[in-house]
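S.K.: this one's sequence-less:
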């Protein structure tokens, strides 16, 4: 059996609508992603190290605000992000972190799970990450 070319293998998968996004927004989102990683790293560290307790409010705000900005910049390009793998993983991540914040879910395990989920959702190949799920 002949090997399938990458583009042939992905023809059957339906991708979300693509919108216009200015190039400067792409560059801006790279900076925002770096800031988001700093805020998210401090939040993760607060749950991994017992000495810290709850995450510092400033870093929690940085992680939330920059995450919202990242979602907005992605939405400008991928208008159906709520139907794509990246959008669904973001929604699940928010549910998990909200459950931890309101003490409905165990802290350390759930936060680590949310970070793993976010990492997989953000670093999956583009054709998988922006494939429509429903």
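M.R.: Thanks, I have it. A quick note: this is a predicted structure, and the numbers were derived from the prediction, not measured.

S.K.: for the rest of this, base every contact and every neighbour count on C-alpha atoms.
M.R.: Noted.

S.K.: where does this protein dip in pLDDT?
M.R.: Along the chain, segments meeting pLDDT under 70 span 1-12, 51.

S.K.: how about the helices in it?
M.R.: 6-9, 23-48, 57-77, 85-101, 107-123, 126-129 (DSSP state H).

S.K.: which stretch among those helices comes nearest residue 15?
M.R.: helix 126-129 (7.5 Å; CA to CA).

S.K.: in that closest one, what counts as buried?
M.R.: Residues of helix 126-129 classed as buried by neighbour count (16 or more other CA atoms under 10 Å): 128-129.

S.K.: how close does the closest residue to residue 105 other than its chain neighbours get to residue 108?
M.R.: Spatially, and ignoring its direct neighbours in sequence, residue 105 is nearest to residue 99 (5.2 Å; CA to CA, 6 or more residues apart in numbering). Distance, residue 99 to residue 108, using CA to CA, to the nearest Å: 12 Å.

S.K.: residue 80 now?
M.R.: When CA to CA is the yardstick, residue 80 and residue 108 sit 32 Å from each other.

S.K.: the nearest residue to residue 123 once chain neighbours are set aside: what's it in contact with?
M.R.: Nearest non-adjacent residue to residue 123, counting by CA to CA, 6+ apart: residue 129, 7.9 Å away. Counting by CA atoms under 8 Å, 6 or more residues apart in numbering, residue 129 touches 84-86, 121-123.

S.K.: cool, residue 78 as well?
M.R.: Counting by CA under 8 Å, 6+ apart, residue 78 makes contact with 16-19, 130.

S.K.: 6 Å instead, please
M.R.: Contact analysis of residue 78 by CA atoms under 6 Å, 6 or more residues apart in numbering lists 17-18.

S.K.: what pairs with it across the strands?
M.R.: Per DSSP bridges, the residues bridged to residue 78 are residue 18.

S.K.: look up how far residue 34 lies from it.
M.R.: In terms of CA to CA, residue 78 sits 21 Å off from residue 34.
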